[in-house]
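In: Mind folding the following:
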Amino acid sequence: MSFPEVAVVGFAQSPQVRETTGTTNGVEMLVPVFQRVLAATGLSRREVGFWCSGSSDYLAGRAFSFVSAVDAIGAFPPVMESHVEMDAAFALYEAWVKVLTGEADIALAYGFGKSSAGDLRRVLALQLDPYVLAPLWPDSVSIAALQARLGLDKNLWTEREMAEVAARSRAAAISNTRAQLSGSVTADELLTAPYLADPLRAHDCAPVTDGAAVVIIAAGDRARELCARPAWISGFEHRIDSGSLGSRDLMSAPSAAAAGEAAGAADVEVAELHAPFTHQEIVLRSALGLPESVRISPSGGALAGHPMFAAGLARIGHAARQISTGAADRALGHATSGPALQQNLVCVMEAQ
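Out: Numbering: from 1, shown residues only. A predicted model of the protein is given here:
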């Protein structure tokens, strides 16, 4: 059985901001983003054969919040729709499978998160092992700090190298009009800041962000009609490590390495990495085998804005944009989910 070629043909995201006044179901953020991406591709809602969302009920604070988000699509005509309780990059994977199997020739994946609605550090403790870890309520930043400390003690990275990641990310985000944080700052300036959770400072952590992102994919000739330079998906894989923090080496990311190898991550020119903490970018670069020549997160990455459940999808969208604009011929988009890089997804795209 032969499968069709599938490409990213459209990408849009909302402004990444510290707080929005809208509801937690994402409708207010999604409506303008849907309008923008459909207008850019010249598509109507009727032409989208499959819709798939990524969000979280525990982030929204109510059950089945994703059902309310479907209101942003419109009540008519009826749509074929699905949902994943993860970053929308994993929703894009489901949409990709749907197109591969011929059930749709155009699919749209979207993600949204109103992270400001609660105490995000505490909310994310709900994703931990419910028997051993969750009852202790270790927050997400503290877990990342433990991971960072392990690497520092093993001389795998330094606080200066972590600060340099933050400085580069903010500088790159200057050209990203949707970024939450951007600007010119030096590693020396960043290192004078107090610790937030030793050894992490505020710049080492992705900011709390409200936002949404949308990616459209299409098959074969349909993709060529919709985009002058489609980003053809040549590899798309995801892997998972143990949910028990004590059962894995936190200084590496085996699932990222396995996903990257299976997706064909070698020889990419640019990589958009979903690294919510500075040291995690260093871990991911090693796991994916990315040499110094690879441009890392030219959008500014998650450190410039991190809407929960949309940031990973945005990394794929920004990587695809590198191809569609001619800035690269081969790009990688990465997404993660879970504590300390537990789950990892890699999407490799190329020009034809």
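In: all strands of the stretch 251-352 of the chain, in order?
Out: Secondary structure of the stretch 251-352 of the chain (DSSP state E, counting those that start in this stretch): strands at 270-272, 295-296, 306-307, 330-337, 343-350.
In: quick one: strands adjacent to the second one?
Out: Translated: strand 295-296. Strand 295-296 sits in its sheet next to strand 270-272 (parallel), going by DSSP bridges.
In: again with the third one
Out: As defined by DSSP bridges, the strand partners of strand 306-307 come to strand 208-219 (parallel).
In: which residues in the protein form helices?
Out: Ranges of helices in the chain, per DSSP state H, are 27-41, 57-60, 65-69, 88-100, 120-123, 140-153, 159-172, 187-190, 220-226, 254-263, 278-287, 311-324.
In: okay if I get those as JSON lines plus distance to H238 and mean neighbour count?
Out: C-betas here are computed from N, CA, C, even on glycine. As requested, those are arranged in JSON lines below (distance: least, C-beta to C-beta, whole Å; neighbours: other C-beta atoms under 10 Å):
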{"stretch": "helix 27-41", "distance to H238": "23", "mean neighbour count": "19"}
{"stretch": "helix 57-60", "distance to H238": "20", "mean neighbour count": "19"}
{"stretch": "helix 65-69", "distance to H238": "20", "mean neighbour count": "19"}
{"stretch": "helix 88-100", "distance to H238": "6", "mean neighbour count": "25"}
{"stretch": "helix 120-123", "distance to H238": "23", "mean neighbour count": "17"}
{"stretch": "helix 140-153", "distance to H238": "20", "mean neighbour count": "19"}
{"stretch": "helix 159-172", "distance to H238": "24", "mean neighbour count": "21"}
{"stretch": "helix 187-190", "distance to H238": "32", "mean neighbour count": "15"}
{"stretch": "helix 220-226", "distance to H238": "22", "mean neighbour count": "17"}
{"stretch": "helix 254-263", "distance to H238": "5", "mean neighbour count": "22"}
{"stretch": "helix 278-287", "distance to H238": "14", "mean neighbour count": "24"}
{"stretch": "helix 311-324", "distance to H238": "10", "mean neighbour count": "28"}
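In: I'd like the ones you listed laid out as TSV, including mean pLDDT and distance to G211.
Out: Output for these, formatted as TSV (pLDDT from 0 to 100; distance: least, C-beta to C-beta, whole Å):
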stretch	mean pLDDT	distance to G211
helix 27-41	95	7
helix 57-60	85	13
helix 65-69	84	14
helix 88-100	98	11
helix 120-123	92	13
helix 140-153	97	18
helix 159-172	98	16
helix 187-190	98	24
helix 220-226	97	24
helix 254-263	98	24
helix 278-287	98	20
helix 311-324	98	8
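In: With distance to S297 added, can I get those helices in JSON lines?
Out: As requested, the helices of the chain are exported to JSON lines (distance: least, C-beta to C-beta, whole Å):
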{"stretch": "helix 27-41", "distance to S297": "21"}
{"stretch": "helix 57-60", "distance to S297": "23"}
{"stretch": "helix 65-69", "distance to S297": "27"}
{"stretch": "helix 88-100", "distance to S297": "15"}
{"stretch": "helix 120-123", "distance to S297": "21"}
{"stretch": "helix 140-153", "distance to S297": "18"}
{"stretch": "helix 159-172", "distance to S297": "6"}
{"stretch": "helix 187-190", "distance to S297": "17"}
{"stretch": "helix 220-226", "distance to S297": "25"}
{"stretch": "helix 254-263", "distance to S297": "15"}
{"stretch": "helix 278-287", "distance to S297": "8"}
{"stretch": "helix 311-324", "distance to S297": "8"}
